[in-house]
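> With the input below, show me the fold.
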Amino acid sequence: MTRFVVTGTDTGIGKTIFAAALAGATGAPYWKPVQSGLEDETDSETVARLLPVQSMGEAQRARSACGTASEASGGGATTSPQSPSVSPAPAAQFTLSACKAGEEGCHLPTASPQGGSILPEAYRLNTPASPHIAAEIDGVTIDVAALAPPPGDLIVEGAGGALVPVTRTTLYADLFARWQIPVIICARTALGTINHSLMTIEALRARGVPIHGLAFLGDAVEDSEAIISQLSGVRRLGRLPILDALTPDNLAAAFNANFNVADFN
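A predicted model of the protein is given here:
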């Protein structure tokens, strides 16, 4: 089974790109539980754009076909049936999505050996910020108990680093501990990565989170990558280099050249 959580040592390090490559290589569905920020391309839309057999337009059509739009204008923050106990915000800010696999009239993309599918986010928040504050600004209550990953093959992407708060009382690392799904830590190769990576590993281990391995992103820095693995005992899965052109074909080729797909099955 291919079932992993993808987290990072920081925000903006490329974990969404890695998650897209992993979903494309394994065919496992991709799920972003909480999306903060809807103005630019969302992480799910980025993954959809980079999957070999999935387009961003298909992901958008799946979401719009399965959502129940708010009758009031200006709707934006959303939640799906994976979070049924959400306290509704004012109607102008809140939309309830009724999308779930197998539901009549709801056509989610299906996984294939050449690429994965995109599952709808549990929460879609307007504000580009840490989920805990984005939800408060949008007037949405995140029900942590409802953030339960669906069964089967799955690539789950967190937000920012492992210690980003989902609510004012729960960190992503706490969710990972509850889920007990092996975690892949994405780490940049730039200066500072040794400290950031080792702190992330210690934080996850302190909570009993299973760690599958390290995926580095960026230019090769052999000593940094080696010392992190040596000191922590966490294996290196590979390194995804910076690509001149980020296309589905280039990303798939780079992943296959630098990672062993068998390590993720």
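> Buried residues of whatever helix or strand residue 155 lives in, list them for me.
Taking DSSP states H and E as the definition, one finds residue 155 inside strand 154-157. Neighbour-count burial for strand 154-157 flags 154-157 (criterion: 16 or more other CB atoms under 10 Å). All C-beta spots, glycine's among them, are computed from the backbone N, C-alpha and C.
> what number of residues lie near the closest residue in space to residue 244 that isn't next to it in sequence?
Distances taken as CB to CB, 6 or more residues apart in numbering put residue 250 closest to residue 244, at 8.0 Å, once the chain neighbours are dropped. Number of residues near residue 250 (other CB atoms under 10 Å) recorded here: 13.
> got it, and residue 243?
Using other CB under 10 Å: residue 243 sits among 12 other residues.
> show me where the stretch 151-265 of the chain has helices.
172-179, 193-206, 222-232, 248-258 (DSSP state H, counting those that start in this stretch).
> Quick check: which of these is nearest to residue 28?
helix 248-258 (13.3 Å; CB to CB).
> That closest one: which residues count as buried?
Quick answer for helix 248-258 (16+ other CB under 10 Å): 248, 251-252, 254-255, 258.
> which among these gets closest to residue 17?
For the buried residues of helix 248-258, the nearest to residue 17 is residue 251 (6.9 Å; CB to CB).
> in terms of contact, does the closest one touch residue 23 like I think?
No - using CB atoms under 8 Å, residue 251 is not in contact with residue 23, being 10.6 Å away.
> how about the strands in the stretch 51-200 of the chain?
67-68, 77-79, 94-97, 118-119, 123-125, 154-157, 183-188 (DSSP state E, counting those that start in this stretch).
> among those, which gets the worst mean confidence?
Of all those, mean pLDDT reaches its minimum on strand 94-97 (a mean of 27).
> Report the distance from the strand holding residue 155 to the chain centre.
6 Å (CA atoms, centre = their mean, to the nearest Å).
> Give the other helices and strands that it contacts.
When contacts are defined as 3 or more CB pairs under 8 Å, 6 or more residues apart in numbering; DSSP states H and E, strand 154-157 sits against strand 3-8, helix 15-26, strand 30-31.
> And the contacts of the second one?
Spelled out, it's helix 15-26. Contacts to helix 15-26, defined as CB atoms under 8 Å, 6 or more residues apart in numbering, come from residues 2, 4, 6-8, 28-30, 43, 46-47, 50-52, 114-116, 153, 155, 157-158, 184, 186, 215, 217, 240, 246, 248, 251-252, 254-256, 259, 261, 264-265.
> Show me what counts as buried in stretch 130-145.
130-132, 134-136, 138, 140-144.
> Pass me the low-pLDDT residue ranges in this protein, would you?
53-116 (pLDDT under 70).
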